[in-house]
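Enquirer: Mind looking at a prediction? Sequence and model below.
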Amino acid sequence: MLLLLLVAGIGANVAQYVTGTVLFGGMSGVVYALLAHVWLMSRRAPQSGFFVPQMLVVFMLGWMVFTMTDIAGTVGFGNVANEAHLGGLLVGLATGWYYSSKRSKA
């Protein structure tokens, strides 16, 4: 889990930095990575003991899409680190896929 935390933190922040936004630095990308990792583990390797309610995943993805629209700024959410969220999500999906593949072979 420590390795996942480090990879997710670096991956999410690099994704945000590459887009040219330098005023960032938070853990929300890591949260997206952890949720994606646990969700994929629960789906692909149910014996792993990981579980995330399906509606939480729907909310997570819906919230990410909502904050990527102009509506979020209009209602006062301000700047959101969308690329960090997306980067974290992709890191979590990649690590979840990798570790669930290893678990299913064992």
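Expert: Nice, thanks for sending it over. Computed from a predicted structure; not experimentally measured.

Enquirer: Counting by contacts, list what the helix or strand harbouring Gln16 packs against.
Expert: Here Gln16 sits within helix 2-18, counting by DSSP states H and E. Using 3 or more CB pairs under 8 Å, 6 or more residues apart in numbering; DSSP states H and E, the elements in contact with helix 2-18 are helix 28-44, helix 82-105. Heads up, the C-betas are built off the backbone N, CA and C, glycines and all.

Enquirer: Which of those helices comes out lowest on mean pLDDT?
Expert: Here the helices and strands packed on helix 2-18 differ in mean pLDDT, and the lowest is helix 82-105 at a mean of 90.

Enquirer: and that helix, which residues are buried?
Expert: Within helix 82-105, the residues scored as buried using 16 or more other CB atoms under 10 Å are 82-96, 99-100.

Enquirer: what sits up against it?
Expert: With contact meaning CB atoms under 8 Å, 6 or more residues apart in numbering, helix 82-105 is reached by 4, 7-8, 11-16, 18-19, 21, 24, 26, 28-41, 43-45, 47-48, 64, 67-68.
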